[in-house]
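A.B. asks: Can you look at this prediction? I've put the sequence above it.
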Amino acid sequence: MNTETNEMRQMIADTADRIFRDLCEPDVVNAAESGIWPTELWNTIEESGMTQIAVPEEHGGGGGSIGDAMIVLRAAGAYSVPLPLAETMLAGIALSSAGQTVPGGPLGFALPVDDEIVTLAQAGDDYVLNGSVGQVAWAIPGGQLVVIADMDGQECVALVDADAADIDAGINLAGEPRSTVTFDGSKVTACAPLGNQVDGETLFKLGALARSIMMAGALESMLEMTVQYTMDRVQFGRPIAKFQAVQHAMAVIAGEVAAAKTAADVAVHLLEAGEPGLLIEAAKARTSEAAGIAAELAHQAHGAMGFTHEHNLHHRTRRLWSWREEYGSEFYWQKVIGRTVSKAGGDGLWKAISDT
Amino acid sequence: MFQGLNFPPLDLPPECTEIRAEIRAFLAEERKLGNAKNIEAMSRYTPEYSERLGKAGFIGLTWPKKYGGHERSALERYVVTEEMLSAGAPTGCHWIADRQSGPLILKFGTEEQRETILPKIAAGEAYFCIGMSEPNSGSDLASVQTKATKTDGGWLLNGTKLWTSGAHISHYMIALVRTSPLDEKDRHAGFSQMIIDMKSPGLEISPVINLSGDHHFNEEVFTDCFVPDEMVVGEVGNGWNQVMSELGYERSGPERFLSTFQLFAELVDAVGDDPSDHEAQVIGRLAAQLIVLRQMSLSVAGMLGQGLVPANEASIVKDLGTNYCKLVPDLSRSIMAAMPSQRSSISYEATLASAILTVPSLTIQGGSREILRGVIARGLGMR
């Protein structure tokens, strides 16, 4: 990566950090979890050009790269930003890959997995969707959804009003909307075949990478919060940070955070270089594993205070516990990696590891 | 943001691809001779292997050519090291000399020391051991008591060194000794480092057999053992700083997470190419952690190559890496039942046995887990 890119990235990181610090206080997160859309936060981040930063300019984006988008998502993870930033970005990448203009505003993203099927078909002058998909992030009444759908064996992307679908609203552990969406002849606003080397599988992996980087951001912020707490909290006449047992627990969190950060950063870096190898799979597996270990120790260090709604530790931990499951848990990706390296055999194992 | 959690992604430069191919070709030949698949390969002593490796130009890779080195980059050396360890090649003889004694002499030694000793190390003919630990000085290195008293033309050593890996096969030791009495106000003052010829009169070496029944450790008793002035490394009194720089060389090297890699490879073979869901998940967990650890270690190597001192990052790699080495036998047992025995003719069982009997040492040597976590906590501002 050249110096210019580095400086550019630093600028994006600083801007995102400033916006989230100013406009994403814990009360904004709490309000969003109870259903109040953070208008000012969304408008500011959209006006800054960060919501579609990875989409080419001719399709309505910022003309940046996946790496630029990931910088924004890392900051979003660090502040528990209650917005569909990853979903809007993934939706934008899917639409623009198909040559479609990306609309403004937040976008929900529906990617069928496993046995789920959504089909796209022509009906007179219109195109319509049929089928059902679960765990759709940010399918909100009045909003727009981007759906990956099958049309005669070809993967397509469709833009549809959320109100044109039946939404069985649900939430994840962090109170973020995760709904089952059913289409029954739902008329789309726009659609086209996916292109430019983007397919459902790459979008799923990009989703995994997005969650990885968000978890890395959340983990780092959680470590900071927790270390600060141990230095402030006094018991037995001294800050609990002075107890070796507490220090060592924080060192364990730091190791997990370091592993998660490295995994996510290297995955982004190698993806941009065009040779991600097994790194995206490994990143989601490792960050998801780190999430559980670190969250447990962070709660332990915070004592009862961290178990209250008043303290905002849970903004990080409930998201970590949600995001580790989304786009494949550590167990899911470990299985994928395990099958791949098993084919290499014992003698080929090192090559399989080190070629990444 | 915290200091010490910085792991920038590293791209290996093209020359690393070339040297990887070269060392892989060398290792393939050695494999035919049976010089492969050793658990904790750094404790396998095979002088012929080290000599062939030296002849082939893979020792002293980064040192100046005038001292027998090859003027390659630190990252090329990293690649050679990870390839040797992952192949389980018996690197024990030259390991310490190549990793830390040679670099220490290059940095702090006299011209004469460099000219006489470094070429022999690079040829795979001179082996070193580390004289730091003592009966009453383990993690608390500043409590070292071995005393050097000034005499005509040199120093007289008295004291005992312990847990010295490979002392029995080494030509030299670099010992940390007290050249001035302990100053309670500055416990790190008054240390010096000296190169000891292991054939010196007044030096008695005896084996300390480890729990596997193997001979790696030794005890060395110094009784008025004479060390000439020319063998002092660096400045008299600067020993502590030199030792700290020595420890920093490779706390985060690939040996920290590859010590049980041979078992992982045996496990993959034992399970076969069509694993069950659970087997695939366990193998994938080991692979994912290994892939990430390697990237962390590479990142630290890159920073070291730029002249940075990523002490916290290196401690994190060692802490995570050695825990990972323990995870390999634990998880192997969970999916592949076996009766571990070093005498088993089934290679998975024999390798599992070696791994189980090796791993307790990994979280102790080169900085115990407790010391490392203290270092990491300091980096977090807690102490």
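C.D. replies: Structure received.
A.B. asks: where along the chain do the helices fall?
C.D. replies: Since no chain was named, I'll use chain A. Under the criterion DSSP state H, chain A contains helices at A:3-23, A:26-33, A:39-47, A:66-78, A:85-97, A:200-232, A:244-273, A:279-302, A:313-323, A:330-354.
A.B. asks: Please refer instead to chain B.
C.D. replies: All helices of chain B, identified by DSSP H, fall at B:14-32, B:47-55, B:74-87, B:92-96, B:102-108, B:111-122, B:239-248, B:255-258, B:261-271, B:277-305, B:311-335, B:347-362, B:369-379.
A.B. asks: do the last one and chain A meet?
C.D. replies: Looking back up the chat, that one is helix B:369-379. Yes: judged by C-beta under 8 Å from any C-beta of the partner chain, helix B:369-379 and chain A are in contact via B:Glu370, B:Leu372, B:Arg373, B:Gly374, B:Ile376, B:Ala377, B:Gly379. Backbone N, C-alpha and C define where each C-beta goes, glycine included.
A.B. asks: Quick check: mean pLDDT of that helix?
C.D. replies: Regarding helix B:369-379, the rounded mean pLDDT is 95.
A.B. asks: Equivalent analysis for the fifth one, please.
C.D. replies: Per-residue pLDDT values over helix B:102-108 give a mean of 95.
A.B. asks: now the second one
C.D. replies: Here helix B:47-55 scores 97 as its mean pLDDT.
A.B. asks: Show me the contact partners of it.
C.D. replies: B:26, B:30, B:35, B:59-60, B:89-91, B:93-94, B:122-125, B:127, B:169 (C-beta atoms under 8 Å, 6 or more residues apart in numbering or on different chains).
A.B. asks: quick check, nearest of the residues you listed to chain A?
C.D. replies: Chain A has its nearest neighbour among the contacts of helix B:47-55 in B:Ala89, at 12.0 Å by C-beta to the nearest C-beta.
A.B. asks: residue contacts, that closest one?
C.D. replies: B:Ala89 makes contacts with B:Leu27, B:Glu30, B:Asn35, B:Ala36, B:Asn38, B:Ala41, B:Tyr49, as judged by C-beta under 8 Å, 6+ apart.
A.B. asks: could you measure it against B:Trp63, distance?
C.D. replies: The spacing between B:Ala89 and B:Trp63, counted by C-beta to C-beta, to the nearest Å, is 21 Å.
A.B. asks: which non-adjacent residue is nearest the closest residue to chain B within the stretch 101-250 of chain A?
C.D. replies: Nearest to chain B, among the residues of the stretch 101-250 of chain A, is A:Gln247, at 3.6 Å (C-beta to the nearest C-beta). Among residues not flanking A:Gln247 along the chain, B:Ala377 sits closest, at 3.6 Å (C-beta to C-beta, 6 or more residues apart in numbering or on different chains).
A.B. asks: can I assume the one you found is in contact with A:Met250?
C.D. replies: Yes: using C-beta atoms under 8 Å, B:Ala377 is in contact with A:Met250, at 5.8 Å.
A.B. asks: For chain B, which residues score under the pLDDT cut-off?
C.D. replies: For chain B, the stretches with pLDDT under 70 are B:1, B:248-250.
A.B. asks: one more time with 90
C.D. replies: Applying pLDDT under 90 to chain B picks out residues B:1-4, B:39-43, B:244-252, B:304-309, B:311, B:366-367, B:383.
A.B. asks: longest strand of it?
C.D. replies: Using DSSP state E to define each element, chain B has its longest strand at strand B:215-228.
A.B. asks: List the buried residues in that strand.
C.D. replies: Neighbour-count burial for strand B:215-228, counted by 16 or more other C-beta atoms under 10 Å in any protein chain shown, picks out B:His216, B:Phe217, B:Asn218, B:Glu219, B:Glu220, B:Val221, B:Phe222, B:Cys225, B:Phe226, B:Val227.
A.B. asks: Need the contacts of B:Ala89 in CSV (columns: distance to B:Gly253 and neighbour count).
C.D. replies: Formatted as CSV, these follow (distance: C-beta to C-beta, whole Å; neighbours: other C-beta atoms under 10 Å in any protein chain shown):
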residue, distance to B:Gly253, neighbour count
B:Leu27, 18, 20
B:Glu30, 20, 20
B:Asn35, 20, 22
B:Ala36, 20, 18
B:Asn38, 17, 21
B:Ala41, 13, 25
B:Tyr49, 19, 21
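A.B. asks: per-domain residue ranges of chain B.
C.D. replies: According to automatic domain parsing, chain B comprises the domains B:14-126, B:130-237, B:250-379.
A.B. asks: so which of these gets nearest A:Ala78?
C.D. replies: With C-beta to C-beta, the closest approach to A:Ala78 among those belongs to domain B:250-379: 19.5 Å.
A.B. asks: Show me which pair in the buried residues of strand B:215-228 is furthest apart.
C.D. replies: B:His216 and B:Phe226 (27.7 Å).
A.B. asks: Just the terminal-to-terminal distance for stretch B:203-215.
C.D. replies: 19 Å (C-alpha to C-alpha, to the nearest Å).
A.B. asks: what does the stretch 201-350 of chain B have sitting close to chain A?
C.D. replies: So the stretch 201-350 of chain B meets chain A at B:261, B:264-269, B:271-275, B:277, B:279-285, B:287-296, B:299, B:313, B:316, B:319-320 (C-beta under 8 Å from any C-beta).
A.B. asks: let's see 7 Å
C.D. replies: Residues of the stretch 201-350 of chain B lying close to chain A by C-beta under 7 Å from any C-beta of the partner chain are B:264-266, B:268-269, B:271, B:273, B:275, B:277, B:280-285, B:287-292, B:294-296, B:299, B:316, B:319-320.
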